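**Q** below: sequence and its predicted model.
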Amino acid sequence: MIKWSHERSQAFQETLLDWYDQNKRDLPWRRDHNPYHVWVSEIMLQQTQVQTVIPYYLRFMDQFPTVEDLATATEDKLMKAWEGLGYYSRARNLQKAARQIVFDYQGRWPTTTEALQELSGIGPYTAGAIASIAFGQPVAAVDGNAFRVFSRLLEIDDDIAKPQTRKVFERIINLIIPKARPGDFNQAIMDLGASYMTATNYDTSQSPVKDFNQSYQDGIEDHYPVKTKKKRPIAHDYFGLIIHSKQGYLFEKRPSHGILANFWMFPLFDRENLTDEKATPESMLVGKIEARLQSEYQLSADLHAVDVPTVTHTFTHQKWKIKLLEAQVADNIDVSYFPGKWIHSSKFDQMTFSKVQSKLWLAYQKASKSTQSVGD
DNA sequence: GAGACGTGGCG
DNA sequence: TCGCCAAGTCT
């Protein structure tokens, strides 16, 4: 690894910030340094691309203009604002932190990285981003961009997939970061990482800091960053139940922990939980589901396959395949045993749907449109 | 410290 | 289809 002299660091700062001053992206959260604006944008941007975040951020600020508005918002309105953005614990942590700030700290923001990390959902990166951008503290904000940029500039061989590697980068960046403009420096690194120094298909030859890029000079830029591979997603096969009555469609609330926690969805039955044997005929599996609906929930349902392709949805670590089954149930059934609720499709726009739930509903609509118009 | 946690885009 | 990526954090 190359070490930079003080002069070298200064030259780098100057080159980078000059470029940033001329070429920085015009983003909605860069209009000011309001910590609330910086904070919300940083949370939304976690593992999420800028162009995805922009409309969410604008709507969010429209609905929750201040940290007080967020602290006192209903969970329904909050989740609706986050609908489709993913990693939904971010939204819940965001409100938790808003309440910490408003009610525990009387609206006064913590300004150090240590104190900021006491807030829910704020880790080392976000703390560094808020401290430097909103409060002018000369601290590193080490995200994927910083890993990518500095590993290439300095030929850092540490595996960025390892948590301990963060400390290596923080130590180096804290030596290089300018005391006068730390927030601009960190944001300039991000803009660099999003333009000339992207993960793939990058072209460093036009980069403003190519003279500082050791791996480029050495022709080994594609060795960086060093990052071990992730595991492939685990497959899950489900039956998805579309059960409708005069009272609407049947929904089930997902567990409070795990993937899509607390979301309302069409009931799902895991194929593997229905039988131990792989080769069980499908009609028998459907019969088992019907029997369970009857015995556990007193719900008589005559399930039929919906004539649509299996719905697939891939998460970071799970790959779901869902075969849709449909049933119309009697008008005056007793649903008091079922841990769910009936909702008319006219009210779906008031619910918060995960993407996979939206896919199920779309697939079902497509099928019922091609045959007949099915009411609730 | 490895794995969980969403979604969209791209080659 | 698949693997990987995109301003990470929590457990």
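**A** Great, that's in hand. Computed from a prediction, not measured in an experiment: that's the story for all the values here. Numbers count the residues shown, from 1 in each chain, chains lettered A, B, ... in the order given.

**Q** now do A:T48 against A:V67, distance only.
**A** As judged by CB to CB, to the nearest Å, A:T48 and A:V67 stand 21 Å apart. From N, CA and C alone the C-beta is placed, and that goes for glycine too.

**Q** wait, isn't A:E290 in contact with A:L303?
**A** Yes. The criterion here is CB atoms under 8 Å, and A:E290 meets it with A:L303 at 5.6 Å.

**Q** pull up the overlap in contacts between those two.
**A** Contact criterion CB atoms under 8 Å, 6 or more residues apart in numbering; residues shared by A:E290 and A:L303: none found.

**Q** ok, back up a step: neighbour count: A:T48 and A:V67, which is higher?
**A** Set side by side, A:T48 and A:V67 show unequal neighbour counts under other CB atoms under 10 Å, the larger going to A:V67 at 22 against 15.

**Q** list the contacts of that one.
**A** Neighbour list for A:V67: A:36, A:98, A:101-102, A:107 [criterion: CB under 8 Å, 6+ apart].

**Q** to what extent is the residue of chain A found nearest DNA strand B buried, counted in neighbours?
**A** With distances taken as CB to the nearest atom of the strand, chain A approaches DNA strand B most closely at A:G86, which sits 2.6 Å away. Neighbourhood size, A:G86 [other CB under 10 Å]: 17.

**Q** does the closest residue to it other than its chain neighbours count as helix, strand or coil?
**A** Leaving out its chain neighbours, the residue that sits closest to A:G86 by CB to CB, 6 or more residues apart in numbering is A:T48, at 7.1 Å. Look at A:T48: counting by DSSP: H, G, I helix; E, B strand; the rest coil, its state is coil.

**Q** now do A:T48 against A:A367, distance only.
**A** As it turns out, when the distance is counted by CB to CB, A:T48 lies 32 Å from A:A367.

**Q** same deal with A:I43?
**A** From A:I43 across to A:A367, the span is 38 Å (CB to CB).

**Q** just A:A261 next, same as before
**A** 29 Å.

**Q** now A:H317
**A** The span separating A:H317 from A:A367 equals 29 Å under the rule CB to CB.

**Q** ok, those two, which is more surrounded?
**A** Under the neighbour definition other CB under 10 Å, A:H317 and A:A367 were set side by side, and A:A367 has more, 18 against 11.

**Q** next up, the contacts around that one.
**A** Counting by CB under 8 Å, 6+ apart, A:A367 makes contact with A:306-308, A:324.

**Q** before we move on, which element is it in?
**A** helix A:355-371 (DSSP states H and E).

**Q** also A:M79?
**A** For A:M79, the enclosing helix or strand under DSSP H and E is helix A:75-82.

**Q** how close does A:I130 sit to DNA strand C?
**A** Distance from A:I130 to DNA strand C, counting by CB to the nearest atom of the strand, to the nearest Å: 9 Å.

**Q** how about the residues of the stretch 201-350 of chain A by DNA strand C?
**A** For the stretch 201-350 of chain A, the contact set with DNA strand C under CB under 7 Å from any atom of the strand comprises A:227, A:229-230, A:232, A:312, A:316.

**Q** repeat that for the stretch 51-200 of chain A.
**A** Where proximity means CB under 7 Å from any atom of the strand, the interface of the stretch 51-200 of chain A facing DNA strand C comprises A:87, A:89, A:93, A:117, A:120-127, A:129, A:143-145, A:148, A:163, A:187, A:190-191, A:193-194, A:198-200.

**Q** report the contact partners of the nearest residue to A:S245 once chain neighbours are set aside.
**A** Excluding the flanking residues, the one nearest A:S245 by CB to CB, 6+ apart is A:V329, at 4.7 Å. Taking CB under 8 Å, 6+ apart as the criterion, A:V329 is in contact with A:243-245, A:299-301.

**Q** likewise A:M265?
**A** Contact partners of A:M265, counting by CB under 8 Å, 6+ apart, are A:251-252, A:254, A:354, A:356-357, A:360.

**Q** who does it form a beta bridge with?
**A** Under the criterion DSSP bridges, A:M265 forms beta bridges with A:E252.

**Q** how close does it sit to A:H317?
**A** With the distance defined as CB to CB, A:M265 ends up 18 Å from A:H317.

**Q** repeat that for A:S245.
**A** From A:S245 across to A:H317, the span is 35 Å (CB to CB).

**Q** correct me if wrong: A:K24 contacts A:L16.
**A** No. Using CB under 8 Å as the test, A:K24 is too far from A:L16 to be in contact (11.0 Å).
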